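> Kindly generate the corresponding structure for this input.
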Amino acid sequence: MPLLFSYGTLQQPEVQISTFGRLLSGQHDQLLGFSQTMVAIDDPEVVATSGKSHHPIVKHTGDMEERVAGMVFEITDAELANADQYEVSAYKRISANLASGLTAWVYVDARFTD
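Sure, this is the predicted structure:
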């Protein structure tokens, strides 16, 4: 089953219920070599689901001293597809290594990916 790392709204219970139809259980982890900022969300459905007009977003810096805290969740392929639908076009899903040694999907700033 896929692993999904969340540093933002996918950790919120109301977003999990809306996106996955259930509450996820996960473990704390960190994304290495990334920095975090905020991005304005213009999709009214996503804003209504999260209750927030600005969401966290990360970009790769390569500086392994930089860390973004979050949670890693085990989800199904169908749930991963649901997460893809929830995330707006500002985000792109990539595979990344976590501090724990796990590799997980994570949504990053689409402007800074190849």
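> In the protein, mark out all the strands, start to finish.
3-6, 26-32, 34-40, 54-60, 67-74, 91-97, 103-109 (DSSP state E).
> Highest mean neighbour count out of the ones you listed?
Most buried of these, by mean neighbour count (mean count of other Cβ atoms under 10 Å): strand 3-6, with a mean of 23. Backbone N, C-alpha and C define where each C-beta goes, glycine included.
> Any idea how far that one is from the middle of the chain?
The chain centroid and the centroid of strand 3-6 are separated by 6 Å under Cα atoms, centre = their mean, to the nearest Å.
> what would the strands of the chain look like in CSV with distance to residue 81 and mean pLDDT?
Converted to CSV, these look like this (distance: least, Cβ to Cβ, whole Å; pLDDT from 0 to 100):
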stretch, distance to residue 81, mean pLDDT
strand 3-6, 11, 99
strand 26-32, 19, 98
strand 34-40, 22, 94
strand 54-60, 20, 95
strand 67-74, 15, 98
strand 91-97, 10, 96
strand 103-109, 11, 98
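> a markdown table for those, including distance to residue 20?
Formatted as a markdown table, the entries for the strands of the chain read as follows, by distance: least, Cβ to Cβ, whole Å:
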| stretch | distance to residue 20 |
| --- | --- |
| strand 3-6 | 10 |
| strand 26-32 | 12 |
| strand 34-40 | 22 |
| strand 54-60 | 17 |
| strand 67-74 | 9 |
| strand 91-97 | 15 |
| strand 103-109 | 14 |
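> Just the CA atoms of the top helix by length along the chain, as CSV, please.
With DSSP state H applied, the helix covering the greatest number of residues in the chain is identified as helix 77-86. Taking Å, rounded to 0.1, in the frame of the first residue of the first chain, the C-alpha atoms of helix 77-86 are listed here in CSV:
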residue,chain,number,x,y,z
ASP,A,77,-4.3,3.4,-4.4
ALA,A,78,-7.9,4.6,-4.6
GLU,A,79,-7.3,7.0,-1.6
LEU,A,80,-4.1,8.3,-3.3
ALA,A,81,-6.2,9.1,-6.4
ASN,A,82,-8.6,10.9,-4.1
ALA,A,83,-5.7,12.9,-2.7
ASP,A,84,-4.7,13.8,-6.2
GLN,A,85,-8.2,15.2,-6.8
TYR,A,86,-8.1,17.2,-3.5
